[in-house]
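Visitor: How does the following fold in three dimensions:
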Amino acid sequence: MFDGIGFMELLLIAIIGLVVLGPERLPVAVRTVSGWIRAMKRMANSVKDELEQELKIEQLHADLKKAESKGLSNLSPELQESIDQLKQAAQEVNRPYQVSEPEAAKPAAGESEAATASQAESPKANG
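Guide: All right, here's what the predicted structure looks like:
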């Protein structure tokens, strides 16, 4: 972090800060500045991660266009790997919907059985 600043420069800055701010306000100022530095680092890392993700998406898109132009046959290993990644991502997106559909069908079947049983019992109660 302090690549261009040596120990003597840091010591000089600390002494000047102590003289200017005093012993009461110096710890608060150091905490504030370190908080700003942490926030800037977090922001820079988040921007870096977003850019890397966008570049990866752009690369996959370009690979897909190349594969499409070749008719999805006789693809290079890199293009085939990109196609496989896209297929896997599509399956992961569809997976939650596939799991929820059978679960939704089971309560409906249970409700219809319960309704049939209650209809069968109601004539007995009336008669």
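Visitor: low-confidence ranges in the protein?
Guide: 1-3, 72-73, 95-127 (pLDDT under 70).
Visitor: all helices for it, in order.
Guide: 7-69, 77-126 (DSSP state H).
Visitor: In CSV: those helices, plus mean neighbour count.
Guide: All C-beta atoms are positioned from the backbone trio N, CA, C, and that covers glycine. Shown next, in CSV, are the helices of the chain (neighbours: other CB atoms under 10 Å):
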stretch, mean neighbour count
helix 7-69, 11
helix 77-126, 10
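Visitor: I'd say residue 79 and residue 63 touch.
Guide: Yes: with contact defined as CB atoms under 8 Å, residue 79 and residue 63 form a contacting pair (5.2 Å).
Visitor: Residue 4 and residue 20, how far apart?
Guide: To residue 20, residue 4 is 22 Å away according to CB to CB, to the nearest Å.
Visitor: now stretch 22-37, how far from the chain's geometric center?
Guide: 33 Å (CA atoms, centre = their mean, to the nearest Å).
Visitor: can you count the residues close to residue 71?
Guide: 8 (other CB atoms under 10 Å).
Visitor: can you offset everything so residue one is 6?
Guide: Okay, using 6 as the starting number, the last item reads as residue 76.
Visitor: OK, contacts around it?
Guide: If you count contacts by CB atoms under 8 Å, 6 or more residues apart in numbering, residue 76 has none.
Visitor: need the contact list for residue 90.
Guide: Contacts of residue 90 (CB under 8 Å, 6+ apart): residue 65.
Visitor: How far does stretch 29-46 sit from its chain's centre?
Guide: On CA atoms, centre = their mean, the centre of stretch 29-46 falls 29 Å from that of its chain.
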